[in-house]
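Enquirer: Provide a 3D model corresponding to the input given below.
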Amino acid sequence: MSRIGKKPVPLPKGVTASVEGQTVKVKGPKGELSVKLVREVSAKVDEHGITVTPDKNQERSAQMWGLSRSLVNNLVTGVTTGFTQRLEIQGVGYRAAVQGKNLNLQLGFSHDVAYPIPAGITITSEKPTQISVSGMDKQLVGQVAAEIRSYRRPEPYKGKGVRYEGEYVRRKEGKKK
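Expert: This is a model prediction of the structure:
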């Protein structure tokens, strides 16, 4: 039995939800999101919120129960508060700036890296060494942050590169004479 799956997803004020077949749609102050659930689970809206239940007594339905409830919870959180992922840039001369619909990154290459900002995502750069990625869709926010980080991952000798805020980079000892 899934401890996470048993809990209903509460709907805050100003949020409405509807279930059509296997698709759950949630509408809130920030916009509208939807997710298509697997056929082994079903969802329904009642006075407690959105309840996800397994359909059959199969192993896969038990596996997908907690996952489906978490996906629905991410929809509700996304339309109410949204998600934010912060990145830090470390290295001499490494910096970032938002120019129009592009994020311009200077990461020690011979050229600047221009990352086009996708729809539904807001990228801000408070300082030249900090990037904030925010949006409604948790998966898309994480994907964009991972793509930006992939341009220059933190390396273990000097620690230079793009890292998540609070990420620990294990350092190695360099060559000795």
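
Enquirer: drop to CA atoms for contacts and neighbour counts, all remaining ones
Expert: Will do.

Enquirer: paired strands for the helix or strand hosting L103, with orientation please.
Expert: Following DSSP states H and E, one finds L103 within strand 102-106. Take DSSP bridges as the rule and strand 102-106 pairs in its sheet with strand 95-99 (antiparallel), strand 113-116 (antiparallel).

Enquirer: mind checking which of those is nearest V19?
Expert: Nearest to V19, of all these, is strand 113-116, at 34.0 Å by Cα to Cα.

Enquirer: for the closest one, buried residues please.
Expert: Buried residues in strand 113-116, counted by 16 or more other Cα atoms under 10 Å: V113, A114, Y115.

Enquirer: looking at those, which is nearest Y157?
Expert: Distance to Y157 across the buried residues of strand 113-116 (Cα to Cα) is lowest for V113, with 23.2 Å.

Enquirer: ok, and the closest non-adjacent residue to that closest one?
Expert: Leaving aside its chain neighbours, V113 sits nearest to L105 (5.0 Å; criterion: Cα to Cα, 6 or more residues apart in numbering).

Enquirer: which helix or strand contains the closest residue to Y164 other than its chain neighbours?
Expert: Leaving aside its sequence neighbours, Y164 sits nearest to L87 (Cα to Cα, 6+ apart; 4.4 Å). According to DSSP H and E, L87 maps onto strand 83-90.

Enquirer: how about the lowest-mean-pLDDT helix or strand in the chain: buried residues?
Expert: Within the chain, confidence by mean pLDDT, DSSP states H and E is lowest for helix 3-6 among all helices and strands, at a mean of 83. Within helix 3-6, the residues scored as buried using 16+ other Cα under 10 Å are G5.

Enquirer: can you check stretch 18-32 too?
Expert: V19, Q22, V24, K25, V26, K27, G28, E32.

Enquirer: in a markdown table: those, plus pLDDT, secondary structure and distance to K175.
Expert: Below are these laid out as a markdown table (pLDDT from 0 to 100; DSSP: H, G, I helix; E, B strand; the rest coil; distance: Cα to Cα, whole Å):
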| residue | pLDDT | secondary structure | distance to K175 |
| --- | --- | --- | --- |
| V19 | 91 | strand | 61 |
| Q22 | 89 | coil | 58 |
| V24 | 93 | strand | 56 |
| K25 | 93 | strand | 56 |
| V26 | 93 | strand | 56 |
| K27 | 93 | strand | 57 |
| G28 | 91 | strand | 56 |
| E32 | 91 | strand | 54 |
